[in-house]
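Q: next input, structure requested:
(2 chains)
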Amino acid sequence: MSKINTVQKEKIHKILKYYPDNQSALLPILFYLQDENRYLDDMVLWELCEILDMNFQFIKDVAEYYVMLRTQPVGEKLIRVCTNVACTLCGSEELVEYMEEKLRIKVGETSKDGKYSLFTAHCLACCNNGPAIQVNDKYYKHISRKDIDRLLETTDAK
Amino acid sequence: MESYLLKNINLPDLKLLKTALDFGAYNGFLKCLDSYSPKDVVEEIEASGLRGRGGGWYSTGQKWNSLKRVKNKPAYFCCNCSEGEPGSFKDRLIIEKNPHLLLEGVAIASYALGVNTAYICVRGEFTEATEILKKSLTDAKAKKLLGKNIHNTGYDLKIIIFRTGGNYICGEETALLNSLEGWPATPREKPPYPAEAGLYGCPTIINNVETVSNIPYIINNGVDWFSAIGCRECPGNMLFSISGHVKKPGVYEIPIGSFTLREIIDQFAGGPNNGHSIKAVIPGGGSSGFLSQKELDITMNPDSLKKIGSSFGTGSIIVMGDQADIVKMTRKLAKFFRDESCKNECEICKKGSIELTYHLLQIEKGEGKSENLSKIHKTIESMKDGGICAMPQTASSVIKSALQRFPHEFNNKIANKVS
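A: Residues are numbered from 1 along each chain as shown, chains lettered A, B, ... in the order given. Reported below is the predicted structural model:
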């Protein structure tokens, strides 16, 4: 079965129209396919290299290079905890430890039930509201342990 | 003290085109289209003395004048919204709260530079900001304020909102261009500079969000108005992002060169948290290094900070109270430089930042010896000449600034090491 369906192919061709060549459209297309599939599986990239007439390894290297692109499966909720200076001053490291304990995973891993993946981030540009985290695309500010408890319950319920 | 960049920022509907228009959005751009030639606009910006707020502090007018047009090749404009400097959160604020200001600034710059295709490169993490910007662009195009034949003047401007891959290095001009061309974001060797051969080998000008946001005000209110704000060598207001151990962290709009660092922390951010005093301050974002509490009476302008070996950077002030662990914060920054080192072949950047992080962690954990400290000093020396970009040099000077100002913090951890 095709990994990139007809609707997705149409969208890819629409994105291509904005850019002077296929390579320049690569990042927007990778973001689009990631949004559709949660991560960029090798099979998706193989089909993409056919569509774009580009080298598979090149596409894979680009996908692996950027922090916002993922070539490995991730949980339904991807949590990014800012651990740069300002958020560390507000206690973000302790928060990471608490989440590791609670989710029983280490940074970079996904919980066994596939619900959560935990990552740290270098500055989310939310330094006045530290500790700051992002769950998928949504920002959460001034996070405490209680907020984490609540957040994991709410996201569970969704 | 007049605020202009943040004047209406708290209006909940400012991001809507209708409200933005009520508050004068696009007036500056339409004024340019109606009564200024592109050359007039460049001259106006040069005369205003506006300097780039992205950390480099070059004259915006001179940068625009350096654009080397090539026959049969288009020129491009690129707005850098890859805000990734630790401690900086002002650009995201502008995009999310006042997107039409940014779009108007991009439009004026593009008109001045004879550009018909401009890119706004937004950091990958800023999903909400990207969506807001995309919607604002669609609305402005529908009103013929952007797009084809703008306001029936014959001027076309296509703006593309491009989401970057999120890496810190995407903020470096030439790495940003590589990213736009679909390569991994790695800095290019210079020369050629982007103004000669940038995007697709064509002349390209890259300006930061805050720089671009000043432009509509300069056009609307005039050069004399702008030059009277701030200081002679660096006119205008600056958006200071203040974070860390202060009572009121946030973004504050302050005339450049009118206050000392201590005054900014006390008068705007409410001073250090109750019961604490200040131990250290990072004055211009993670790349600017550490200052001690004895140095806080310095006037905040790019030139004065440069003189003491620090940097005004993006005006991102991180305050560390007496409760802060300087060794840990130094290690955090070393780790930042290690993790954000790019795919380029600059051995010194990769190896040096790994070494620095390792030895600093040993000291932080209480397992450090004096040899760890001497290795850190040696690594700092080896990195100071830099690589293809300034990152190794920056990492070197940031770590050095901590060791110079807080040697006791490092020595104490070594002396009390767990045996």
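Q: for the residue of chain A found nearest chain B, what are its contacts?
A: Minimum separation of chain A from chain B (C-beta to the nearest C-beta) falls at A:Y66, amounting to 2.7 Å. Every residue, glycine included, has its C-beta placed from N, CA and C. Listed by C-beta atoms under 8 Å, 6 or more residues apart in numbering or on different chains, the contact partners of A:Y66 are A:L27, B:G124, B:T164, B:G165, B:G166, B:N167, B:P184, B:A185.
Q: so what are the domain limits for chain A?
A: As assigned by automatic domain parsing, chain A contains the domains A:6-65, A:77-157.
Q: with mean neighbour count and mean pLDDT added, can I get these in CSV?
A: Below are the domains of chain A laid out as CSV (neighbours: other C-beta atoms under 10 Å in any protein chain shown; pLDDT from 0 to 100):
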stretch, mean neighbour count, mean pLDDT
domain A:6-65, 16, 97
domain A:77-157, 19, 93
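Q: the residue nearest the centre of chain A and B:K400, how far apart?
A: The residue at the geometric middle of chain A, judged as the C-alpha nearest the mean C-alpha position with C-alpha atoms, centre = their mean, is A:M68 (5.5 Å). Distance from A:M68 to B:K400, counting by C-beta to C-beta, to the nearest Å: 32 Å.
Q: do A:Y32 as well
A: Counting by C-beta to C-beta, the gap between A:Y32 and B:K400 amounts to 44 Å.
Q: contact residues of the stretch 151-300 of chain B facing chain A?
A: When proximity is defined as C-beta under 8 Å from any C-beta of the partner chain, the stretch 151-300 of chain B approaches chain A at B:160, B:162-168, B:179-185, B:200, B:241-245, B:249-251, B:282, B:286.
Q: so for residue 93, what's the nearest residue that isn't a sequence neighbour?
A: Unless you meant another one, I'm taking chain A. Leaving out its chain neighbours, the residue that sits closest to A:E93 by C-beta to C-beta, 6 or more residues apart in numbering or on different chains is A:T83, at 6.2 Å.
Q: sorry, should have said chain B
A: Using C-beta to C-beta, 6+ apart and skipping residues adjacent in sequence, the residue nearest B:L93 is B:V251, 5.4 Å away.
Q: and what of A:V67?
A: Using C-beta to C-beta, 6+ apart, the nearest residue to A:V67 is B:G166, at 4.5 Å.
Q: which residues touch residue 8?
A: You didn't pick a chain, so chain A it is. If a contact means C-beta under 8 Å, 6+ apart, then A:Q8 has A:Y32, A:L33, A:E36 as its contacts.
Q: please refer instead to chain B.
A: B:L14, B:F23, B:N98.
Q: could you look up the SS state of the first one?
A: What it means is B:L14. Assigned with DSSP: H, G, I helix; E, B strand; the rest coil, B:L14 falls in the coil class.
Q: so it sits against B:K97, correct?
A: Yes. Applying C-beta atoms under 8 Å, one finds B:L14 in contact with B:K97, separated by 6.0 Å.
Q: ok and the residue in the stretch 51-200 of chain B nearest chain A?
A: Evaluated by C-beta to the nearest C-beta, the stretch 51-200 of chain B has B:G165 as its residue closest to chain A, separated by 2.7 Å.
Q: just confirm that residue contacts A:L27, I think it does.
A: Yes. At 6.4 Å, B:G165 and A:L27 qualify as touching, with contact defined as C-beta under 8 Å.
Q: and for the two, which residues touch both?
A: Contact criterion C-beta under 8 Å, 6+ apart; residues shared by B:G165 and A:L27: A:Y66, B:S179.
Q: for B:N207, give me phi and psi.
A: phi -130, psi 150 (degrees, to the nearest 10).
Q: element containing B:Y155, please.
A: Here B:Y155 sits in a region with no helix or strand, counting by DSSP states H and E.
Q: quick check: it vs A:A25, distance?
A: When C-beta to C-beta is the yardstick, B:Y155 and A:A25 sit 26 Å from each other.
Q: likewise A:L69?
A: From A:L69 to A:A25 the distance is 14 Å (C-beta to C-beta).
Q: again with B:Y26
A: In this structure, B:Y26 and A:A25 are 29 Å apart, going by C-beta to C-beta.
Q: next: A:A86.
A: 35 Å.
Q: cool, and A:I133?
A: As for A:I133, its distance to A:A25 is 31 Å (criterion: C-beta to C-beta).
Q: thinking again about what came up before, which SS state does the residue nearest to the centre of chain A fall under?
A: Per three-state DSSP, the secondary structure class of A:M68 is coil.
Q: for it, which residues are in contact?
A: Residues near A:M68 by C-beta under 8 Å, 6+ apart: A:F31, B:G124, B:E125, B:R163, B:T164, B:G165, B:G166.
Q: now, which of those residues lie within strands?
A: When DSSP state E defines the strands, the subset of those inside them is B:R163.
Q: between the contacts of A:M68, which is closest to A:K60?
A: Proximity of those to A:K60 (C-beta to C-beta) peaks at B:G165, which lies at 14.0 Å.
Q: how many neighbours does the closest one have?
A: The burial metric for B:G165, expressed as a neighbour count using other C-beta atoms under 10 Å in any protein chain shown, is 22.
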